[in-house]
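Undergrad: Build me a structure from this.
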Amino acid sequence: MRSRQEWMRAEVADARLVADDTRLIEFAMSHALPRFEPGSHTNVRVQIGGGAATRTYTCLPAPPDRIRVAVKRHVHSRGGSRFMWGLAIGEPIEVTVPENRFELSWRNTPSLLVAGGIGVTPIYGMALALHARGTPLRMVYGGRRRRDMAFADELEARLGEQFELFAADQDRRIDLDAEIAALPAEAELYVCGPIGMLQAAKAAWQAAGRSVSRLRYEVFGDSGLFAEAPFQVEVAGRDVLVDVRPDQTLLDALTSAGVDMIYDCQRGECGLCVVEVLQADTAIDHRDVFFSAEQKHEGRRMCACVSRLVGGRAIIDVGYRP
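TA: Below is the predicted model of the structure:
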């Protein structure tokens, strides 16, 4: 069960590499597309193991009636990136009308934009939009290797001194405390990247005494503190034992096993898919932005769409009652 989505038919109009491990794919829509803002995302109907599934991608700046996404090739892909990398030009596809849960403020206030890895996808569009309107901005972009950092050359050329790249293979790291300290009091912060970067940014923002209303963020759901491992869950009150593969979410495993679930965002943001952890013999790798640090430390609940166990087994209560 999830919120209503408006699906549209499209076909692949273009596909090309924008980094060593990132592919840009452009979809030509079959009907007129409503205008959408930076930070928007679209859902794509993919085929995995002979069955249909849905994957969510940020919408990049694109011509009218086109949708562009950038897909990172994942070693531990759940099947989505493999499917998207296999798409050929002219191939039909179904996507949803873009919606926005990571909105860019239209206040003309200075902004710091922080991107980590493939988290650059929403920040890229935001940076270009702010630059076009003349809003004071600074964008910092971190990644492991320069050659894997999509859009780095374009951002460098278009933003000039407003942009700075921090590649680990060049022994450079973003100093979030220093970046935030340099901001005027009314400035806003936008962050998208792995969970560690997000946690550090939120902590630094809070420590600086900044207003939480001026911090906006998004995290990609495959970003955890531990490598993906298989695990098992027993659903309380039902004679169901579910195996969860490394390339599969707990939510997908539960629904595939016939367990009714309520869910929506599938990005660890809305909290609708939360399950109670009654007993567990291993730690929870929390990958959501829904729970507070204290709630994650308690380990009593987890977001089934993104979070997982670090191996082992747990007894859970899904909460949903028909």
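Undergrad: Does F27 touch V12 like I think?
TA: Yes: with the criterion set as C-beta atoms under 8 Å, F27 and V12 qualify as a contacting pair; they are 6.3 Å apart. Bear in mind the C-beta positions are built from the backbone N, C-alpha and C, glycine included.
Undergrad: Need the residues touching each of the two.
TA: With contacts defined as C-beta atoms under 8 Å, 6 or more residues apart in numbering, the residues shared by F27 and V12 are I93.
Undergrad: Name the next helix or strand downstream of the one helix or strand L189 maps to, please.
TA: According to DSSP states H and E, L189 maps onto strand 188-193. The first helix or strand that comes after strand 188-193 along the chain, using DSSP H and E, is helix 195-207.
Undergrad: how much distance is there from that following helix to the middle of the chain?
TA: When distances are taken as C-alpha atoms, centre = their mean, to the nearest Å, helix 195-207 is centred 16 Å away from the chain's centroid.
Undergrad: Tell me which residues are up against the very next helix or strand once past it.
TA: The first helix or strand that comes after helix 195-207 along the chain, using DSSP H and E, is strand 215-219. The list of residues contacting strand 215-219 from outside it, by C-beta under 8 Å, 6+ apart, reads 39, 101-103, 105, 119, 122, 188-195, 198, 201-202, 205, 267-269, 287, 289.
Undergrad: at 6 Å what do you get?
TA: In this structure, residues lying in contact with strand 215-219 by C-beta atoms under 6 Å, 6 or more residues apart in numbering are F102, L189, Y190, V191, C192, I195, L198, W205, V289.
Undergrad: cool, stretch 173-183 as well?
TA: For stretch 173-183, contacts defined as C-beta under 6 Å, 6+ apart pick out L112, V140, G142, F166, A200, A201, A204, A208.
Undergrad: between the strand holding L189 and helix 195-207, how many degrees?
TA: An angle of 160 degrees separates the directions of strand 188-193 and helix 195-207 when computed by axes from the mean of the first three to the mean of the last three C-alpha atoms, to 10 degrees.
Undergrad: More neighbours: F27 and V12, which one.
TA: Between F27 and V12, counted using other C-beta atoms under 10 Å, F27 has the larger neighbour count: 29 against 17.
Undergrad: which is the next helix or strand following the lowest-mean-pLDDT helix or strand in the chain?
TA: Taking mean pLDDT, DSSP states H and E as the measure, the helices and strands of the chain show their lowest mean at strand 51-58, namely a mean of 85. Towards the C-terminus, the helix or strand next in line after strand 51-58, according to DSSP H and E, is strand 66-72.
Undergrad: Could I get the full set of helices for this structure?
TA: Ranges of helices within the chain are 80-86, 120-133, 152-159, 176-181, 195-207, 250-256, 293-298, based on DSSP state H.
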